[in-house]
Each structure stands twice: as C-alpha cells, then as structure tokens.
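K.L.:
no sequence for this one, just the structure:
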C-alpha cells in the first residue's frame, strides 16, 4: 500500500488507497483494522485502487515489483 496519496478534483480532496496482490483475480480485499479505523475517523472520501497480477523480480538480493492489472 502507498501511504499519503490523495487526489483533488473540483476542490474536493479524496484519499487514494492502493492495494496490490499476486493473484490473477482481486475479488476479495483484506483491510487491517487500523486502516478501517483510520478511514472511519477521518471521514473523507476514499478511492480504492486494486492492482492484481503484480510480479516480483529479484536481482542481487533486492526485490522490485512490475506489471499488474489496475482496477479502480
């Protein structure tokens, strides 16, 4: 998940939450209690972006990600 992302559209601020998975399908999203409590407390609009089919690449002992299918 990326922290601190937001979008401003027409003067209104929307929090952007990005979740990633290695799975081909992203039909179930698990959110921690901390994340749910945060959104309830802040009471702001939230846009959830789900990226499925993320691939991990290991090079010299370091991992990066690439690819993915984005669903908004």
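P.N.:
Arrived safely. The structure presented is a predicted model; accordingly, all values stated were derived computationally and were not measured. Numbers count the residues shown, from 1 in each chain.
K.L.:
so residue 55 makes contact with residue 66?
P.N.:
Yes - counting by Cβ atoms under 8 Å, residue 55 does reach residue 66; the two are 5.4 Å apart. All C-beta atoms are positioned from the backbone trio N, CA, C, and that covers glycine.
K.L.:
Flag the shaky bits of this structure, pLDDT-wise.
P.N.:
Confidence mapping of the chain against pLDDT under 70 gives the ranges 1-3.
K.L.:
residue closest to the middle of it?
P.N.:
The geometric centre of the chain, computed from its C-alpha atoms, lies nearest to residue 18 (Cα atoms, centre = their mean), at 1.1 Å.
K.L.:
residue farthest from the centroid of this structure?
P.N.:
With Cα atoms, centre = their mean as the measure, the chain has its most outlying C-alpha, relative to the mean C-alpha position, at residue 60: 26.8 Å.
K.L.:
wait, what's in contact with that residue?
P.N.:
For residue 60, no contacting residues are found, by Cβ atoms under 8 Å, 6 or more residues apart in numbering.
K.L.:
is it true that the residue nearest to the centre of the chain touches residue 5?
P.N.:
Yes - contact status for residue 18 versus residue 5: in contact at 6.7 Å, counting by Cβ under 8 Å.
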